[in-house]
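Peer 1: need the 3D shape of this:
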Amino acid sequence: MQENTGNEQIMQVAVILAGGSGRRFGSPEPKQFMPLRAKTVLEYSVDAFELHPRIDEIAVVVHPDYMDKVEEMVRVNHWQKVKRILQGGAERYESTLSAIRSYTDKPSCNMIFHDAARPFVSARIISDVVAALQDHEAVDVAIPVTDTILQTDASKSYIQNVPDRNALMASQTPQAFSYSVISEAYRRALESGPLHATDDCGIVLRFMPEIPIFIVSGDVDNFKVTYPSDLDRMNQYIDK
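Peer 2: Below you'll find the model as predicted:
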């Protein structure tokens, strides 16, 4: 559903980041292609945005070795909103850049970046993110931290600080931005030198500190597949 801003219609573009190689997961295939009952992790993630009425278009960013696989998924699942299958890079930020560069033809769109490895993002979260984009140019999703967080020294052997967890939150995805903000933030970042970013909000915070980043409440069920044991947790979630 395109949002009206005066006479301008703003397209809501969901970008599913599925370019990871799965090195930490320890599987021959990346974690986003692992099965959860009848579907893969990636299919659950795309379905969440495909079925949401406020999402206009979907782009899937994937490792080049799996582009044909995703094209087949689009055909089998009859996804109507998946308009672009883009080649991802070796690092996460390169996949974000691939999407930004692909949408230079739609400079007034909103870009809603979501990790493919978070298959249970809720319709409520997506709705809240799209709604927040009407008033904010940068939006994150986060939940309160419940564990005590330790800041260590470089060796990770000694505690240097114990931050007040009341001021800490755990970031999730989607992370969403007006196209003008995310493209300009990455332009400035690339001009500054080599990048080692793992978080798009972090890029905006560092290189466009004048842009406030609004926080939408996440959900504990919007968790990420990181290790093989997470698949058991996800199967239990499906069976609830």
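
Peer 1: now what about the biggest helix by length in the chain, what contacts it?
Peer 2: In the chain, taking DSSP state H as the definition, the longest helix is helix 179-192. Helix 179-192 is contacted from outside by 93, 96-97, 100, 103-104, 106-111, 137-138, 177, 195, 197, 200, 203-204, 206-208, 211, using Cβ atoms under 8 Å, 6 or more residues apart in numbering. (C-beta placed from N, C-alpha, C; glycine too.)

Peer 1: let's see that with 7 Å instead.
Peer 2: Identification of contacts with helix 179-192 by Cβ atoms under 7 Å, 6 or more residues apart in numbering yields 97, 100, 103, 106-111, 137-138, 195, 200, 203-204, 207-208, 211.

Peer 1: from the residues you listed, which would you call buried?
Peer 2: For the contacts of helix 179-192, a burial check counting by 16 or more other Cβ atoms under 10 Å picks out 97, 100, 103, 109-111, 137-138, 200, 203-204, 207-208, 211.

Peer 1: those residues: which two are farthest apart?
Peer 2: Distances among the buried ones among the contacts of helix 179-192 were taken as Cβ to Cβ; the most separated pair is C109 and F207, at 20.3 Å.

Peer 1: which residues does the residue positioned nearest the centre of the chain bridge with?
Peer 2: When Cα atoms, centre = their mean is applied to the chain, the residue found nearest the centroid is H114 (2.1 Å). Bridge pairing for H114 (DSSP bridges) gives the partners I16.
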